[in-house]
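**Student:** the following block contains a protein sequence and its predicted model.
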Amino acid sequence: MTKEEFLARPIDEEWEKARRQETADLERRRREEDEEEVRLALEYRRIGSSLKNYPQEEVNKARRLVANFIKSGEEIEEMIVEAGDNEELTPLLLLVIKSRLELARQDDEREAVEALDLLHRRVEYEIRKRQASPSMRLLNELLNLHDGTDDTEWLRKARHRMLKAFPPEHAFTILAPRGFDLSSHHGPIDAPVEGDDDDVLLRIDFIREVNQLVKEVEAQIHSHEVEGLDTDAVALRLRLEDKKRNLQYVKDLLEVAIALKW
């Protein structure tokens, strides 16, 4: 073997190794694409089977509503809220949106996929918000007060809102009927109307539910801690960091509620 052949050999082997790796990567990507196509087809078929469990008239009504959402443009938020008020935001509606989403994925319509995915998330959020307990609805309202800049001002606003949301915890204030003046001991003392105070949220109930939420989220974060620098690991780590940041906001509100005084 000549000197030139000897020097060229490692380069050829390295080149061949690189080509083999490229081939393996290409085969892996093709296999993943085939598996994804099969998964999408099965998911679309599963959703179609689920839709058959509903009356066709209800399915058609849900499809018309989804079509109106898609065409509504800037009025989408108002339409979703109005649909919620009319009790039209249902699991069936989510299923219809999901069906269109999976079909768009099969056809590789990226803009439609993004739009339908956002619509599905927004409708699902509205449903969950309306099904949430009074404590979780108040927590969501308090979090939405944050403009992302001034934490101190946000907590001040949150405290002010809590003072309005929770009834005062003076014993006589809790027992006295509405409209009764504690200072003069004058006012109506009629029997309370059944269900009149069903929407009253006590501070202690808010603290209990939010504290339980904090524990659950902390457990989720702890169970999903990741290592590594590959793309998936970095993306998951970023999502976890975002969840930790939001969790800290919730903890801040919990501290305000615990220390709240009238």
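**Tutor:** Ah, there it is.
**Student:** could you measure from the closest residue to Arg63 other than its chain neighbours over to Glu77?
**Tutor:** Of all residues not flanking Arg63 in the chain, Val96 sits nearest, at 5.5 Å (C-beta to C-beta, 6 or more residues apart in numbering). Bear in mind the C-beta positions are built from the backbone N, C-alpha and C, glycine included. Plainly put, Val96 is 19 Å away from Glu77 if you go by C-beta to C-beta, to the nearest Å.
**Student:** if we ignore the residues flanking it in sequence, what's nearest Leu213?
**Tutor:** The shortest distance from Leu213 to any non-neighbouring residue, by C-beta to C-beta, 6+ apart, is to Val250 (6.8 Å).
**Student:** buried residues, whichever strand or helix holds the one you found. List them.
**Tutor:** Remark: Val250 resides in helix 231-259, with elements defined by DSSP states H and E. Within helix 231-259, the residues that count as buried by 16 or more other C-beta atoms under 10 Å are 237, 240, 247, 249-250, 252-254, 256-257.
**Student:** same list, those residues, but as TSV with pLDDT and distance to Val59 please.
**Tutor:** Below are the buried residues of helix 231-259 laid out as TSV (pLDDT from 0 to 100; distance: C-beta to C-beta, whole Å):
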residue	pLDDT	distance to Val59
Arg237	74	41
Leu240	80	38
Leu247	93	39
Tyr249	95	40
Val250	96	38
Asp252	96	45
Leu253	96	41
Leu254	96	43
Val256	96	46
Ala257	96	44
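**Student:** which phi and psi does Leu202 have?
**Tutor:** Main-chain torsions, Leu202, degrees, to the nearest 10: phi -80, psi 150.
**Student:** isn't it right next to Ala165, touching?
**Tutor:** No - if you go by C-beta atoms under 8 Å, Leu202 and Ala165 don't touch, sitting 9.9 Å apart.
**Student:** can you pull out the helices in the protein?
**Tutor:** 3-51, 56-71, 76-85, 91-106, 110-131, 134-144, 151-165, 171-175, 203-223, 231-259 (DSSP state H).
**Student:** buried ones in the third one?
**Tutor:** It refers to helix 76-85. Buried residues in helix 76-85, counted by 16+ other C-beta under 10 Å: 76, 79-80, 83.
**Student:** what distance separates the helix holding Val250 from the centre of its chain?
**Tutor:** The chain centroid and the centroid of helix 231-259 are separated by 13 Å, computed with C-alpha atoms, centre = their mean, to the nearest Å.
**Student:** ok and that helix relative to helix 134-144, angle-wise?
**Tutor:** Interaxial angle, helix 231-259 versus helix 134-144 (axes from the mean of the first three to the mean of the last three C-alpha atoms, to 10 degrees): 110 degrees.
**Student:** give the other helices and strands that helix 231-259 contacts.
**Tutor:** Secondary-structure packing of helix 231-259 (3 or more C-beta pairs under 8 Å, 6 or more residues apart in numbering; DSSP states H and E): helix 134-144, helix 151-165, helix 203-223.
**Student:** want to throw those helices into CSV with mean pLDDT?
**Tutor:** Formatted as CSV, the helices and strands packed on helix 231-259 follow (pLDDT from 0 to 100):
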stretch, mean pLDDT
helix 134-144, 93
helix 151-165, 95
helix 203-223, 91
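**Student:** which one of the ones you listed lies closest to Leu26?
**Tutor:** helix 203-223 (35.0 Å; C-beta to C-beta).
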